[in-house]
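Novice: just a sequence and a predicted model for now, questions to come.
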Amino acid sequence: MKIGLPVGLFDRVVNQLSLVDHLPDPVLRWGGSVLATLNILPRDQASAIKALWAPRVREASIVFVKMLAKWLIAARNAPREGKKVILMPFNFPPELIHAFDNAVPITSEILSTLGVAALRGQGERYWDMVMGLGFPDHLCSANAIELGSMLGSDDFRPQALISSAPGGCDVNSKIHEFVSNYLEIPQFFLQKPPDDSERGLQQYNIYMRTLISQLEKFIGEELTEEKLRRVIEKANRCVELSLELWDLHKAVPCPVPNIFSLLLYATRFAMWGTDEGIKCLETMVALSKKRLAEKAYPAEKEVARCIWCYTSYYFDFLNFFNWMEERGYSHLADGLDFFFPQTIDTSSMESMIEGLALSAWNMPMTRPMGAESMSRSWTEFVIYAAKDLGADCVIYCGHHSCKQTWSVVSILRNELMEREGLPLLILQGDSWMKRMTPMSVIQQEIDEFIKNVVARKSRGRRKPRKRRPIRSEPVKAD
């Protein structure tokens, strides 16, 4: 560590997860060795452990945490093994980087979330570093926390960045650009065209091929058809399992634990197309099926079936995911679950690249927020998910940085009510930091909304106004 610089977020997180990775599964399943540490941990750290090690989810949580540990350890060890670490945002398919033998993907938003969930101080010191450098306070904490750590502490550093959020999340894109310039590391782009037609998708295919060519030169390795097929076949298995998990959410009461929403897209953004990712999803599906067969639900009854149209809150797992579930408020999905995966044709290199481009095209924020009409596209995504999963209400987290969604959320609210009779709760609060809105306030507002709006609606449901349907399914390849 360099003298005078604090330890970075990455090193602190990987050290903690490495300890869990070394504990035998029987010890972790018993849970005593893990839960015993709660007596010495600060309250903010204990929340995530209590949530993940609750008996009803512990089996899946063990596999999930060990998966992330292997992912982070591979990134930490990559430089000494002659491999290059590629930092990417959440809306880029990691299976492409997994297909290279000499590259390891790492995702900035997952690192920030792990820091917020697992570290004392919840990553706020790294946000303060960003502010201390003179950045505006409307940056998104999802990526600014980890990237702030890279700028202001003795943190792990990648060898290159991929920027795939321009147009969908400009705040994300600009801070990645700054970090690339500041650390003097190359940045590669995959930008979605504003054209939502088949013509725009074809242009996106060209961008994907260009990116692959640039990565081959930078990594010093050819991406062969055999390497790509090996990973895409595993990615296809992940697709099948994720769709099975989506269908399990349709049962009433919902047998899928609330926190699986987070576990699903964390797997999507980190280890899709790997054996570890498959194992994690298989465990989540098996546990959900078991709960369905046993009619297990932690509350007396399912009071509300909630879709979160954007992100959830991550600074207090226990008092968000577990609290909602124990009150009978099922968290069916949030906006980061809307990646609508499809299996990819593995018959040729051409078909696999086209499939990867389509996967990236349908990623959260890329398609809805980077659309020709954001309000229309976002509305169609939310309505499709709400109808398919049988939701009776929608909640918007109201992250302060997401000005683009704030600009159209009133349109979303009106469309939901007029077309489907679904009420929308608009909250305010930073998804990654408790400084803006404490969890107790968020709980109170959710409670009042469900008791005073959703419950009354179920007793006398308003009939939605009939309108001409608009295609809501994701774009499909020919």
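Specialist: Looks like it arrived, so ask away.
Novice: report the central residue of this structure.
Specialist: Tyr265 (4.2 Å; Cα atoms, centre = their mean).
Novice: what's next to the host helix or strand of that one, contact-wise?
Specialist: Per DSSP states H and E, Tyr265 falls inside helix 260-270. Residues outside helix 260-270 that contact it (Cβ atoms under 8 Å, 6 or more residues apart in numbering) are 57, 60-61, 64, 67-68, 71, 90, 94, 105, 107, 109-110, 113, 238, 242, 245, 277, 280-281, 284, 288, 308, 312, 314, 317, 321, 331-334, 336-337, 339, 341, 364. The way it works is simple: take the backbone N, C-alpha and C, and place the C-beta from them, glycine included.
Novice: one more time with 7 Å
Specialist: 60, 64, 68, 71, 90, 94, 107, 110, 242, 245, 277, 280-281, 284, 312, 331, 333-334, 336-337, 339 (Cβ atoms under 7 Å, 6 or more residues apart in numbering).
Novice: the bottom helix or strand of the protein by mean pLDDT?
Specialist: Lowest mean confidence among the helices and strands of the chain (mean pLDDT, DSSP states H and E): helix 32-35, at a mean of 60.
Novice: which residue packs closest to Asp21, ignoring adjacent ones?
Specialist: With Cβ to Cβ, 6 or more residues apart in numbering as the criterion, Asp21 has its nearest non-adjacent residue at 3.8 Å, and that residue is Ala69.
Novice: report pLDDT for that neighbour.
Specialist: Here the pLDDT value assigned to Ala69 is 94.
Novice: give me the distance between it and Phe218.
Specialist: Counting by Cβ to Cβ, to the nearest Å, the separation of Ala69 from Phe218 is 27 Å.
Novice: these two: which is more packed in?
Specialist: More crowded of Ala69 and Phe218, by other Cβ atoms under 10 Å: Ala69, with 20 against 15.
Novice: spell out the residue ranges of the helices in the stretch 251-400 of the chain.
Specialist: 260-270, 275-294, 323-326, 349-361, 366-369, 374-389 (DSSP state H, counting those that start in this stretch).
Novice: tell me the mean pLDDT for the third one?
Specialist: For helix 323-326, the per-residue pLDDT values average out at 97.
Novice: residues contacting that helix, please?
Specialist: 257-258, 298-299, 331, 443.
Novice: rerun that using 10 Å as the cut-off
Specialist: Helix 323-326 is contacted from outside by 51, 54, 56-57, 253-254, 256-259, 297-299, 302-304, 306, 312, 316-318, 329-331, 395, 439, 442-443, 446-447, 450, using Cβ atoms under 10 Å, 6 or more residues apart in numbering.
Novice: ChimeraX command for the buried members of those residues?
Specialist: Command for ChimeraX, covering only those of the contacts of helix 323-326 found buried under the criterion 16 or more other Cβ atoms under 10 Å:
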select :51,54,56,57,253,254,256,257,258,259,297,302,303,304,306,312,316,317,318,329,330,331,395,439,442,443,446,450
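Novice: which positions within the strand or helix carrying Val65 qualify as buried?
Specialist: For Val65, the host element (DSSP H and E) is helix 58-77. Going by neighbour count (16+ other Cβ under 10 Å), the buried part of helix 58-77 is 58-72, 74-76.
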